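K.L.:
Using only what follows, build the 3D model:
(2 chains)
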Amino acid sequence: MIPGRDQTILMPVRASTIVASFALALFLNFLPWRDLRLVPDFVALVLAFWCVRQPRLVGLGIAWTLGLLSDAGNGVLLGQHALSYSLLAFLAIWMSRRILWFGVGLQALHVAVLLLVAQALALFVRMAAGDPFPGWAVVVGPLLGAALWPAASWLLLLPQRRAEREPAI
Amino acid sequence: MDHSPPPFFKRGPAPLVRLFFFASLSLALLVIDARFRYVEGLRSWLALAAYPLQRAATAPIELGEHIAGYFASQAQLIEDNERLRAEALAYAQDAQRYRFAQAEADQLRRLIGVAERLAVRAVPAEIIYAGRDPYSHRIFIGRGAAHDVQPGSPVADHVGVIGQVTRVHPLLSEVTLIINPDQAVPVEVVRNGLRAVAFGGGASGMLELRYMPANADVQNGDRLITSGIDGTYPAGLPVGDVVRIERDADQSFARVIAAPAAGIDRGRYVLVMSRETALPERPVQAQPGKERRGERSRRARKDADDSR
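P.N.:
Numbering: from 1, shown residues only, chains lettered A, B, ... in the order given. Below you'll find the predicted structure:
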């Protein structure tokens, strides 16, 4: 047995679950938040989750498309989120086997690094385009996102769990 | 974890190759969007795809306001009604005087042979969404090309100017606020008619009058209104009030800071105004600062070609 790994056997994931989770994440991102630096990027979090859990279903193409949607929805330069989400997806897929080895707390630490790298890339693009540095509060969003990782992974795996009382075959 | 066995041979291109592919695609898009604006069509389609989610995201707040409004006490409603009636009375008086003054002004303008001012058409719109990016200083309003909104139209609330429409999508448009550092509004000081250009101050939420000589006659508390000289903003809309002036002997320009008059980050309803188009075509030469860098260099190149 692998240490720290969830021992329950999960049902296969349905594509509808993935689509619904991405729609929900976009919805959460579009909520009128007051200070957006302090709000985690839900799309990045959900994307990292599926790239870690299902690296053969969710990949760079989906990440890039989601990034373009975020760019157009937010009215920023086209390609800014697309670039950062592509990098995030690549890193998540690359590290997926390593991340799944750990318990959920250590997974969150890994994810914090991934989200910070993605955020840094977006920030770099923004500043290259001529915007001022928005202050160190920008790191709060990714760290909060990583803190939400245990809750997010519990919630997103919920449809795949079998009912507790169901007799084993 | 996985339920289907991994494919034996065909796994598509390596992840690193894919990363390079998508990264270069993104970079190409970034450059095209930042420099040439060729991808506005694609952006419009994407914005249309994101529109239902944006609407859905603002729906709970609207619902909450609706419910809160339903439970507003009767006393408050009566009070509001009285206040509004008094306001309407005051406005009616103003409107009568305004109509008279307008007629007089038209007559005088005709007398001295100046081009007549067009009546400004205003379309009310609702702010549906503030951009997620905290430093873009943009908002989205729920009127777009389908409602005949033109790019470049000024946007104001009931107090004064808040910005300018910069992109028009089918169902919504993007408004760049006057506090955006890239946004410039031609203004004049009400007290003495001094002309200036107000640039956005960015995150500070203030406006800055740049290129004012150190001895310019500006005082704290001076009201700034649009001068209407550029033909984009109608004349006479309040823009802001001067709050701070720093005159430094070392520099030839004074630093004049103004606070915006309109509720840049408050309120839900705005007016989109049609542009005045009665002005003649601008001469090519002598364009002070307001244009984009790309246009300026292109124009300079064109001038060089012409002179050759």
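K.L.:
residues from the stretch 151-300 of chain B in reach of chain A?
P.N.:
When proximity is defined by C-beta under 8 Å from any C-beta of the partner chain, the stretch 151-300 of chain B lies next to chain A at B:167, B:174, B:202-203. Every C-beta, even on glycine, is put in place using the N, C-alpha and C of the backbone.
K.L.:
just the buried members of these?
P.N.:
The neighbour-count criterion (16 or more other C-beta atoms under 10 Å in any protein chain shown) marks B:167, B:174, B:202 among these as buried.
K.L.:
Could you list the low-confidence segments of the chain?
P.N.:
No chain was given, so I picked chain A. In the predicted model, chain A carries pLDDT under 70 at residues A:1-8, A:34-35, A:163-169.
K.L.:
The chain in question should be chain B.
P.N.:
Residue ranges of chain B with pLDDT under 70: B:1-12, B:113-119, B:131-135, B:265, B:275-308.
K.L.:
could you pull out the helices for it?
P.N.:
Listed in chain order, the helices of chain B (DSSP state H) span B:15-31, B:40-70, B:74-112, B:293-307.
K.L.:
likewise chain A?
P.N.:
A:15-30, A:42-53, A:60-74, A:80-94, A:96-101, A:104-128, A:140-147, A:149-157.
K.L.:
Run through who's touching the third one.
P.N.:
In other words, helix A:60-74. Here helix A:60-74 makes contact (C-beta atoms under 8 Å, 6 or more residues apart in numbering or on different chains) with A:22, A:26, A:29-30, A:43, A:47, A:51, A:77-86, A:88-90, A:93, B:15, B:18-19, B:21-22, B:25-26, B:29, B:43, B:46-47, B:49-50, B:53-54, B:131-133, B:136.
K.L.:
try the longest one
P.N.:
Under the criterion C-beta under 8 Å, 6+ apart, residues A:4, A:40-41, A:44-45, A:48, A:52, A:76-77, A:79-81, A:83-85, A:87-88, A:91-92, A:95, A:98-100, A:102, A:133-134, A:138-139, A:141-143, A:145-147, A:149-150, A:153, B:30, B:133, B:135 lie in contact with helix A:104-128.
K.L.:
Need the nearest residue in space to the residue most central in space within chain A, chain neighbours excluded.
P.N.:
Computing the C-alpha centroid of chain A and ranking residues by C-alpha atoms, centre = their mean puts residue A:45 first, at 2.0 Å. Leaving aside its sequence neighbours, residue A:45 sits nearest to residue A:145 (C-beta to C-beta, 6 or more residues apart in numbering or on different chains; 4.7 Å).
K.L.:
thinking residue A:135 is in contact with residue A:141, fair?
P.N.:
No - between residue A:135 and residue A:141 there is no contact under C-beta atoms under 8 Å: 11.9 Å.
K.L.:
Check the gap between the closest residue to residue B:243 other than its chain neighbours and chain A for me.
P.N.:
In space, and not counting its chain neighbours, residue B:243 is closest to residue B:259: 4.9 Å by C-beta to C-beta, 6+ apart. Remark: distance between residue B:259 and chain A (C-beta to the nearest C-beta, to the nearest Å) = 20 Å.
K.L.:
Return the residues in contact with residue B:259.
P.N.:
By C-beta under 8 Å, 6+ apart, the contact set of residue B:259 is B:205-207, B:240-241, B:243.
K.L.:
how about 10 Å then?
P.N.:
By C-beta atoms under 10 Å, 6 or more residues apart in numbering or on different chains, the contact set of residue B:259 is B:201, B:204-207, B:224, B:240-244.
K.L.:
same deal with residue A:25?
P.N.:
Neighbouring residues of residue A:25 by C-beta under 10 Å, 6+ apart: A:41-47, A:49, A:66, A:70, A:152, A:156, B:53.
K.L.:
Next: residue B:143.
P.N.:
B:123-126, B:128, B:149, B:153, B:155, B:165, B:168, B:171-173, B:270, B:272.
K.L.:
Buried subset of the residues you listed as a ChimeraX selection?
P.N.:
Typed into ChimeraX, the line below selects the buried ones among the contacts of residue B:143, using 16+ other C-beta under 10 Å:
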select /B:123,125,128,149,153,155,165,168,171,172,173,270,272
